[in-house]
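# For reference, the sequence and a predicted model appear below.
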Amino acid sequence: MRVVVLDYGSGNLRSVERALQRVGADVEVTADRHAALNADGLVVPGVGAFAACMKGLKSVHGHRTVGTRLAGGRPVLGICVGMQILFERGIEHGEETEGCNEWPGTVERLEADVVPHMGWNTVRAPEGTTLFDGMDEDTRFYFVHSYGVRKWELESGGTIAAPLVTWANHGCDFVAAVENGALSATQFHPEKSGDAGAHLLKNWLKSL
Ligand SMILES: NC(=O)CC[C@H](N)C(=O)O
């Protein structure tokens, strides 16, 4: 499977590349829009501030690339800030920045005694999950973040299949992952989560 890791100036690209190669993907790290549009899967990583990541994403038309892929049902995986910028807005250090608005909701500071939330933690995945298939509730993933989505705001029902939302807790509950048709995302770093992260990436790769 051909996977593009979108290079929009944010960090952590090589560790994501290596983790995907470890599970058998043919990986290209690039900002090239044609490659990003036509890959079997697109990964949007992210390190640093919400505003800076959004600025970088827009500088390579990444927000439109994500939208075009999703309109055609082509899979996208957001990681850490790459997940956060998929939401409606982010508020960091008092600065509000518009996100890609793939989902309603606000990325805001965790309500915890100690931030960043840095380390291994368990998650609470829903029935029917693909990303966490084959892993139990004691499985741990590596998190490094001070902000997150504390309230899931997308209403669904009727004919629209509800997204599968996975939660974690660090002082407060926050969204740890979302599976929503072609769009998936994790707040934690699968590429830093050892065998569990590799298992998740393999599950994502199999879903492409
Ligand atoms: N690991 C990161 O770079 C996360 C940064 C992000 N601004 C957060 O704190 O949630």
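Done, it's in.
# Could you use CA atoms for every contact and neighbour count after this?
OK.
# My guess is Val76 contacts Gly67. True?
No - the criterion here is C-alpha atoms under 8 Å, and Val76 misses it with Gly67 at 9.6 Å.
# Neighbour count: those two, which is higher?
Between Val76 and Gly67, counted using other C-alpha atoms under 10 Å, the more crowded position is Val76 (27 against 18).
# Please list the residues of this structure that sit near the ligand.
Val47, Gly48, Ala49, Phe50, Val81, Val144, His145, Ser146, Tyr147, Gly148 (C-alpha under 6 Å from any ligand atom).
# what residue of this protein is the furthest out?
No residue in the chain sits farther from the centre than Gly158, which is 26.1 Å out by C-alpha atoms, centre = their mean.
# Can you point out the buried residues in stretch 70-77?
Buried positions in stretch 70-77, judged by neighbour count with 16 or more other C-alpha atoms under 10 Å: Leu70, Arg74, Pro75, Val76, Leu77.
# right, I mislabeled it, should have said stretch 24-39
Ala25, Val27, Glu28, Val29, Ala31, Asp32, Ala35, Ala36, Leu37, Ala39.
# Please compute how far it lies from its chain's middle.
In terms of C-alpha atoms, centre = their mean, to the nearest Å, the centre of stretch 24-39 is found 17 Å from the chain centre.
# which residues are contacting it?
Applying C-alpha atoms under 8 Å, 6 or more residues apart in numbering, the contact partners of stretch 24-39 are 1-8, 13, 17, 20-21, 42, 60-62, 65, 68-69, 205.
# how does it look with 7 Å?
With contacts defined as C-alpha atoms under 7 Å, 6 or more residues apart in numbering, stretch 24-39 is touched by 1-8, 17, 20-21, 42, 60, 65, 69.
# Let me know the closest of those residues to the ligand.
Closest approach between the contacts of stretch 24-39 and the ligand, by C-alpha to the nearest ligand atom: Tyr8, at 14.0 Å.
# Look at the closest one and report its pLDDT.
On pLDDT, Tyr8 comes in at 96.
# What of the one 3 residues further on?
According to the per-residue confidence, Gly11 scores 81 in pLDDT.
# Contacts only, for it.
Contacts of Gly11 by C-alpha under 7 Å, 6+ apart are Gly46, Val47.
# Could you look up the SS state of it?
coil (DSSP: H, G, I helix; E, B strand; the rest coil).
# Use 382 as the first number from now on
Sure, I'll start counting at 382 from here, so that last one is Gly392.
# Can you pull the phi and psi angles for it?
When read as degrees, to the nearest 10, the backbone of Gly392 gives phi -90, psi -170.
# and what of Arg403?
Arg403 has phi and psi values of phi -60, psi -30 when expressed as degrees, to the nearest 10.
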